[in-house]
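Participant: next one to model:
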Amino acid sequence: RRQSYHLHVARRLVGRFTNDGVGIEDGALWPVRKWGCDVPTYSRTRARRLSLSFGVVSLGVVSLLVLAQDGRAQGQEIATVTDLGIVSSYAAAVNDLGQVAGTESVFPQQGFLWDAGVVTSLAIDGASDVNRFGQVVGYRLQDPRGGMPTPVVWDDGVVTDLAGSGVASAINDVGQIVGSRTGLLPDGEESPVLWQNGAIVDLPIPFEDGHGGFAKGINESGQIAGTVLDLFMNSHAVIWTGGVPTELGLGEAAAINDAGQVVGTQSVSDAVGNTEYFAVLWDHGTVVPLGSGVALGINNAGQVVGYRVVGPDSQWAPVIWQDGVETVLPVRAGSVSTFATDINDAGQIVGTERDSAGHEHALMWTLAPTTTISPIDIKPGSRTNRVNLNGNGAITVALLSTDDFDAATVRIDTVCFGDADDASQRDCTTRGRAHHRDIDRDGRTDVVLRFDTNASGIDKGDTQACVSGETIDARRFAGCDSVTTTT
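Facilitator: Alright, predicted model coming up:
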């Protein structure tokens, strides 16, 4: 398994390498286009302007936040989120030992390696990936204030420059490194490259008169995932096997696992330039749509992570797609926007949060394997899921069945609904009888429940609410959906 989405930090390079000047706001630390690596990026400002950006779900259904704890006293979190404790930092990748590579953006910016709470500052300007031996790849700048990057590998305190100018994006456990370099194509265009055994190998581009590309991930078999540009500057996802490229379709590839599954993003633009992004999985010739958003990482279990926009303020939310279900990961109080970048085989996820004060924090989520993620739909059919906190009414919540979750098996007396942050505040007494009907018209029977608004623990300003409970065979489940509160 190896990531990596070619994300870089550039607090000091604001606007230099971003898409149309967006991607970094007010010196913030966010995914950007760097050195021709055209990746789907949005500032929150632009996301507000474009109502379709990242596919804000029109029915207010589908997504479901893995933020809940079981509503009972013995409840267990679905996922825990941990701040890695590094000031103004961005987490790029995590290996199967839980070591995290990323970048500190405090001037002068530098890469870091986090290992069980111990932070090692690396003598490089940015870190993109780390393998299980703790080798970190990334780049260094010839001038701390900017300039062309040099691809590098850090190994136990020793930094080695790789051939050419460019960026090293990913490394596997064999030590093969992929990325992009300039100098081979005219006009400073990037080209995909592999470094191995001390040599540089230029990867072939499957389009005549194309405009280069970049390699983003490499697995343990040496298969490489990346993106190339055709004559008309359209992006195509590509997988190289034994150096031979196979075009997967329109879109940008971000990561590849050991099974050769590739994840990435496709986009659709309308006549006036509004763009919507969709996460996709390319699985040996089959394109599997994951949902609205941007996919950045995949592990060997096929779990995919990334981000999408949620809520009325178009905030970025970290997402995991697994078993056909999209789930928004927990965010900490005060978070403004958050995205997930990588996931290892242990279910540890890394990403970055911007808080309300404009500070960035490298984060790690740890999934709890014993809880089923259950999609829910608060106020089915509503676009905004508006909750009137001054009313005395009830909130309708639908538990949606999936291939892996049968809502009809839920023990209604165990179901609690309400506050996303504190499970003890939720309402655990349903109003009236449960109703069984196919809410999302997928041919499966869903369960519709009603809960007291005033007993739910939902407060003014809350943007999400959660459900938790058990099935008749004692399986715990939980799920969340967005809400908009009014008074």
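Participant: find the centremost residue of this protein, please.
Facilitator: For the chain, residue 306 is the residue whose C-alpha lies nearest the centre (CA atoms, centre = their mean; 1.4 Å).
Participant: and it, what are its phi and psi?
Facilitator: phi 180, psi -140 (degrees, to the nearest 10).
Participant: partner residues bridging it?
Facilitator: residue 295, residue 319 (DSSP bridges).
Participant: and the next helix or strand past the helix-or-strand element of the chain with minimal mean pLDDT?
Facilitator: Between all helices and strands in the chain, the lowest mean by mean pLDDT, DSSP states H and E belongs to helix 44-49, at a mean of 22. Scanning forward in sequence from helix 44-49 by DSSP states H and E, the next helix or strand is strand 79-87.
Participant: helix or strand right after that following strand?
Facilitator: Immediately after strand 79-87, counting by DSSP H and E, sits strand 89-94.
Participant: any idea how far residue 247 is from residue 285?
Facilitator: 11 Å (CB to CB, to the nearest Å). For glycine as for every other residue, the C-beta is placed from the backbone atoms N, C-alpha and C.
Participant: revised request: answer the last question for residue 449.
Facilitator: 48 Å.
Participant: the two: who's more crowded?
Facilitator: Neighbour count, other CB atoms under 10 Å: between residue 449 and residue 247, residue 449 has more, with 24 against 14.
Participant: wait, doesn't the more buried one sit right on residue 433?
Facilitator: No - with contacts counted by CB atoms under 8 Å, residue 449 stays clear of residue 433, the gap being 9.1 Å.
Participant: what's the residue lying farthest from the centre of the chain in contact with, if anything?
Facilitator: Distance from the C-alpha centroid of the chain, by CA atoms, centre = their mean, peaks at residue 432 (38.7 Å). By CB atoms under 8 Å, 6 or more residues apart in numbering, residue 432 lies in contact with residue 450.
Participant: confirm that it sits in a strand.
Facilitator: No - secondary structure of residue 432 (DSSP: H, G, I helix; E, B strand; the rest coil): coil, not part of a strand.
Participant: pLDDT value on it, please?
Facilitator: Model confidence at residue 432, given as pLDDT, is 93.
Participant: for it, grab phi and psi.
Facilitator: According to degrees, to the nearest 10, residue 432 has phi 70, psi -170.
Participant: likewise for residue 429?
Facilitator: Per degrees, to the nearest 10, the backbone of residue 429 is at phi -120, psi 120.
Participant: from residue 359, how far out is it?
Facilitator: Where residue 359 is concerned, residue 429 sits at a distance of 40 Å (CB to CB).
Participant: how about residue 238?
Facilitator: 37 Å.
Participant: so which of the two has more stuff around it?
Facilitator: residue 238 (28 against 15).
Participant: direction included, what does the helix or strand that the more buried one is a member of pair up with?
Facilitator: Assigned by DSSP H and E, residue 238 falls within strand 235-241. Here strand 235-241 has these sheet partners by DSSP bridges: strand 224-229 (antiparallel), strand 244-250 (antiparallel).
Participant: chain center to it, what's the gap?
Facilitator: Between the centre of strand 235-241 and the centre of its chain there are 20 Å (CA atoms, centre = their mean, to the nearest Å).
Participant: cool, stretch 123-139 as well?
Facilitator: 20 Å.
Participant: just the terminal-to-terminal distance for it.
Facilitator: End-to-end distance for stretch 123-139: 10 Å, by CA to CA, to the nearest Å.
Participant: same check on stretch 204-219?
Facilitator: 18 Å.
Participant: report the buried residues of it.
Facilitator: Judged by neighbour count (16 or more other CB atoms under 10 Å), stretch 204-219 contains these buried residues: 205-207, 210-219.
Participant: so where is the protein shaky, pLDDT-wise?
Facilitator: 1-78, 143-147, 183-188, 312, 368-371 (pLDDT under 70).
Participant: just checking, residue 154 touches residue 121?
Facilitator: No - at 10.5 Å, residue 154 does not count as touching residue 121 under the criterion of CB under 8 Å.
Participant: mutual contacts of the two, please.
Facilitator: The contact lists of residue 154 and residue 121 share residue 111, where a contact means CB under 8 Å, 6+ apart.
Participant: quick check: buried residues in the strand holding residue 238?
Facilitator: So strand 235-241, judged by 16+ other CB under 10 Å, has buried residues 235-240.
Participant: out of those residues, which one sits closest to residue 281?
Facilitator: For the buried residues of strand 235-241, the minimum distance to residue 281 (CB to CB) is 10.6 Å, reached by residue 237.
Participant: list the contacts of that closest one.
Facilitator: Going by CB under 8 Å, 6+ apart, the list of residues near residue 237 reads 225-227, 247-253, 262, 264, 282.
Participant: now restrict the residues you listed to buried residues only.
Facilitator: 225-227, 248, 251-253, 262, 264, 282.
Participant: just confirm residue 413 is within a helix.
Facilitator: Yes - Residue 413: assigned to a helix according to three-state DSSP.
Participant: just give me the neighbour total for it.
Facilitator: Neighbours of residue 413 (other CB under 10 Å): 10.
Participant: residue 477 is in contact with residue 375, isn't it?
Facilitator: No - here residue 477 does not reach residue 375: they are 10.0 Å apart, not a contact under CB under 8 Å.
Participant: okay, and the common contacts of these two?
Facilitator: residue 405.
Participant: returning to that earlier point: okay, residue 154 and residue 121: which has more neighbours?
Facilitator: Taking neighbours as other CB under 10 Å, residue 154 and residue 121 compare with residue 154 leading, 24 against 11.
Participant: can you say which helix or strand has that one in it?
Facilitator: Per DSSP H and E: strand 146-155 holds residue 154.
Participant: and that strand, which residues are buried?
Facilitator: Neighbour counts over strand 146-155 (16+ other CB under 10 Å) mark 149-154 as buried.
Participant: who are the packing partners of that strand?
Facilitator: Applying 3 or more CB pairs under 8 Å, 6 or more residues apart in numbering; DSSP states H and E, one finds that strand 146-155 contacts strand 136-143, strand 158-161, strand 165-171, strand 177-182.
Participant: got these as TSV, with mean neighbour count and distance to residue 454 columns?
Facilitator: Compiled in TSV, the helices and strands packed on strand 146-155 are given as follows (neighbours: other CB atoms under 10 Å; distance: least, CB to CB, whole Å):
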stretch	mean neighbour count	distance to residue 454
strand 136-143	22	52
strand 158-161	12	60
strand 165-171	29	51
strand 177-182	28	56
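Participant: any chance of those strands in TSV, plus distance to residue 319?
Facilitator: Formatted as TSV, the helices and strands packed on strand 146-155 follow (distance: least, CB to CB, whole Å):
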stretch	distance to residue 319
strand 136-143	25
strand 158-161	34
strand 165-171	21
strand 177-182	25
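Participant: quick one: distance of whichever strand or helix holds residue 478 to the chain centre.
Facilitator: Counting by DSSP H and E, the element that carries residue 478 is strand 476-482. On the basis of CA atoms, centre = their mean, strand 476-482 sits 19 Å off its chain's mean C-alpha point.
Participant: can you pull the buried residues of the next helix-or-strand element following it?
Facilitator: Downstream of strand 476-482, the next assigned helix or strand under DSSP H and E is strand 484-486. By neighbour count on 16+ other CB under 10 Å, the buried set for strand 484-486 is 484-485.
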